[in-house]
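Trainee: coords below, sequence missing:
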């Protein structure tokens, strides 16, 4: 497919995913880095209660809340 044909499909709102090679696609700044945080027991208990309520892990809950607070 020529570049101008690709651009025209994209500009027209057509689905261009069939012509993309997504096998090497990566999200920018998506590398993980480990961070350790110490919480008092009452905070961990509250996190566990909320995580159970939402049906997610404690770690997922913390990630969701921090990402939401950072506006990501």
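Mentor: Received, thanks. Remember, it's a predicted structure, so these values are computed and weren't measured experimentally.
Trainee: against residue 7, how distant is residue 64?
Mentor: Remark: distance between residue 64 and residue 7 (Cβ to Cβ, to the nearest Å) = 37 Å. Any C-beta I mention is one placed from the backbone N, CA and C, and that applies to glycine too.
Trainee: swap in residue 23?
Mentor: 22 Å.
Trainee: what does the helix or strand encompassing residue 5 rub up against?
Mentor: The secondary structure element spanning residue 5 is helix 3-11 (assigned by DSSP states H and E). For helix 3-11, the external contacting residues (Cβ atoms under 8 Å, 6 or more residues apart in numbering) are 16, 19.
Trainee: C-terminal to that helix, what's the next element?
Mentor: Stepping forward along the backbone from helix 3-11, the first helix or strand reached (DSSP H and E) is helix 41-54.
Trainee: relative to the whole chain's centre, how far out is the helix or strand hosting residue 66?
Mentor: The secondary structure element spanning residue 66 is helix 58-70 (assigned by DSSP H and E). Relative to the mean C-alpha coordinate of its chain, helix 58-70 is positioned 11 Å out (Cα atoms, centre = their mean, to the nearest Å).
Trainee: what's the answer for stretch 60-72, then?
Mentor: Once both centres are worked out by Cα atoms, centre = their mean, stretch 60-72 turns out to sit 10 Å from its chain's centre.
Trainee: on that earlier part again, now the helix holding residue 66 against helix 41-54, angle please.
Mentor: Angular relation of helix 58-70 and helix 41-54 on a 0 to 180 degree scale: 90 degrees, by axes from the mean of the first three to the mean of the last three Cα atoms, to 10 degrees.
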